[in-house]
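*Asks:* pasting a predicted model and its sequence here:
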Amino acid sequence: MNIYITLDYEIYFGKNHGTVEKCIIFPTSELIRIADNHGVRFSFFVDCGFIIKLAEYKIKYPHLEKDYDSITQQIKYLSDTGHDIQLHIHPHWEDSYYDGERWIINIKRYKLVDFNEAEISDIVFRYKKVLTEITGKAIFAYRAGGWCLQPFSKLKKAFKENQITLDSSVFRKGFYSSEHYSYDFRNAPNKDIYTFDVKPEKENLKGYFTELPISAIRNSPLFFWKLFLLGRKNTYLHKPLGDGKAMPAPGQRKTMLTQYTDCPVSIDGYNANLLQKALRSLKRKEFNHMVVIGHPKALSRYSIMKLEEFVEKNKGEHNFTTYSKMFRNK
Ligand SMILES: [Zn+2]
């Protein structure tokens, strides 16, 4: 199995967005420690809209310089040491600003498809450029902010223009819809990799783009009861390292606690408990690729411990790898 441990590298986007140090820098340094201990490398999808805003506002507010420097230096370090840096777009940064004390985050245009095609081209171009400039390496893989990349027909042209050829946002059977936020992967193919043209959730053998979906797992309500209760109880081990709060997702918690839910395989918090089970189920399906999602901000001491266990147990038999190692110059 080729195993990709992937991290969406970002702060929180609600009213309580948290600090760069606790949401990003410290948890990522823990990932670096695991990677170095075991000789493996991870993939980071960087929220570059935030870097653009930091660059813009640090001129007026010099105390932002520290956040800007620590993020750009950590990304450069990750890239120089063989971790993969790829593109993650949260376009709500276009409508957000810093008021001198905190980020005022406006999510009325949360999805990239909420913008028009000219704006989309411009955003993809500028956001990708930031990462190319920091890393000096090719950026060709994409993870959509909040998994929102439909309808992809609106993004296709901009992606082609900017040589974004691989997407890794789909997780099979995933579905959610609210005012600002929606994705529908209910009909995605039961495959670990496929090509697509205009719909990332639909295989097209002649398609220009590759989809390397995030692996999916079906979780019982009992699992989420445990997850939510542990979050409250054993705070040292189970509370997230990030110091912000997630944006509300109306209705989601109730659904999870009352019915089976199809979820991405994840190392966030208690989800990391399911890594080995997920690997077994993918092996039974004879899949060759396992993509695991995570967010530095949502890691806990427990999930870091579980990730390290998982890497240690499987690094001999399986191939922990990155998008660049597998798909660059294909
Ligand atoms: Zn994100």
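*Replies:* Perfect, thanks for sending it.
*Asks:* only C-alpha atoms from now on, for both contacts and neighbour counts.
*Replies:* Noted.
*Asks:* what about the longest strand in the protein?
*Replies:* strand 2-9 (DSSP state E).
*Asks:* C-terminal to that strand, what's the next element?
*Replies:* helix 20 (DSSP states H and E).
*Asks:* for that next one, give the mean pLDDT please.
*Replies:* Here helix 20 scores 97 as its mean pLDDT.
*Asks:* use 3 as the first number from now on
*Replies:* Will do, 3 is the new start, and the previous item becomes helix 22.
*Asks:* hang on, the earlier thing: who does the longest strand of the chain pair with, and is each partner parallel or antiparallel?
*Replies:* strand 45-49 (parallel), strand 291-296 (parallel), strand 321-322 (parallel) (DSSP bridges).
*Asks:* per-residue confidence averaged over the shortest one?
*Replies:* What that stands for is strand 321-322. On average, strand 321-322 scores 98.
*Asks:* what's the offset of that strand from the middle of its chain?
*Replies:* Here strand 321-322 is found 19 Å from its chain centre; the criterion is C-alpha atoms, centre = their mean, to the nearest Å.
*Asks:* swap in stretch 21-41?
*Replies:* Using C-alpha atoms, centre = their mean, the offset of stretch 21-41 from its chain centre is 15 Å.
*Asks:* quick one: buried residues of the longest strand of the chain?
*Replies:* 5, 6, 7, 8, 9, 10, 11 (16 or more other C-alpha atoms under 10 Å).
*Asks:* list the buried ones in stretch 93-112?
*Replies:* Those would be 93-96, 98-100, 105-109, 111-112, for stretch 93-112 by 16+ other C-alpha under 10 Å.
*Asks:* tell me which of those residues fall in strands.
*Replies:* Per DSSP E, the buried residues of stretch 93-112 map to strands at 99, 100, 105, 106.
*Asks:* tell me the contacts of the last one?
*Replies:* When the contact criterion is C-alpha atoms under 8 Å, 6 or more residues apart in numbering, the partners of residue 106 are 17, 98, 99, 100.
*Asks:* kindly state the beta-bridge partners for it.
*Replies:* Judged by DSSP bridges, the bridge partners of residue 106 are residue 99.
*Asks:* surely residue 296 meets residue 272?
*Replies:* No - Residue 296 lies out of contact with residue 272 (C-alpha atoms under 8 Å); the separation is 11.4 Å.
*Asks:* how about the contacts of residue 106 in JSON lines, adding distance to residue 260 and pLDDT?
*Replies:* Listed next are the contacts of residue 106 as JSON lines, based on distance: C-alpha to C-alpha, whole Å; pLDDT from 0 to 100:
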{"residue": "17", "distance to residue 260": "28", "pLDDT": "88"}
{"residue": "98", "distance to residue 260": "35", "pLDDT": "97"}
{"residue": "99", "distance to residue 260": "38", "pLDDT": "97"}
{"residue": "100", "distance to residue 260": "39", "pLDDT": "97"}
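*Asks:* and which of the residues you listed is nearest residue 164?
*Replies:* Nearest to residue 164 among these: residue 98, at 24.5 Å, using C-alpha to C-alpha.
*Asks:* looking at residue 296 and residue 272, which one has more neighbours?
*Replies:* residue 272 (26 against 23; other C-alpha atoms under 10 Å).
*Asks:* now do the more buried one against residue 304, distance only.
*Replies:* 7 Å (C-alpha to C-alpha, to the nearest Å).
*Asks:* who touches both of the two?
*Replies:* Joint contacts of residue 272 and residue 304 (C-alpha under 8 Å, 6+ apart) are residue 240.
*Asks:* ok so, going back, which among the strands paired with strand 4-11 is found nearest to residue 243?
*Replies:* So among these, strand 291-296 is nearest, using C-alpha to C-alpha, at 12.6 Å.
*Asks:* what about the closest one, average pLDDT?
*Replies:* The average pLDDT for strand 291-296 rounds to 98.
*Asks:* so how far is that strand off the chain centroid?
*Replies:* With C-alpha atoms, centre = their mean, you get 10 Å for strand 291-296.
*Asks:* so what touches the helix or strand just after that strand?
*Replies:* Downstream of strand 291-296, the next assigned helix or strand under DSSP H and E is helix 303-316. Contacts to helix 303-316, defined as C-alpha under 8 Å, 6+ apart, come from residues 32-33, 36, 40, 238-243, 269-275, 277-278.
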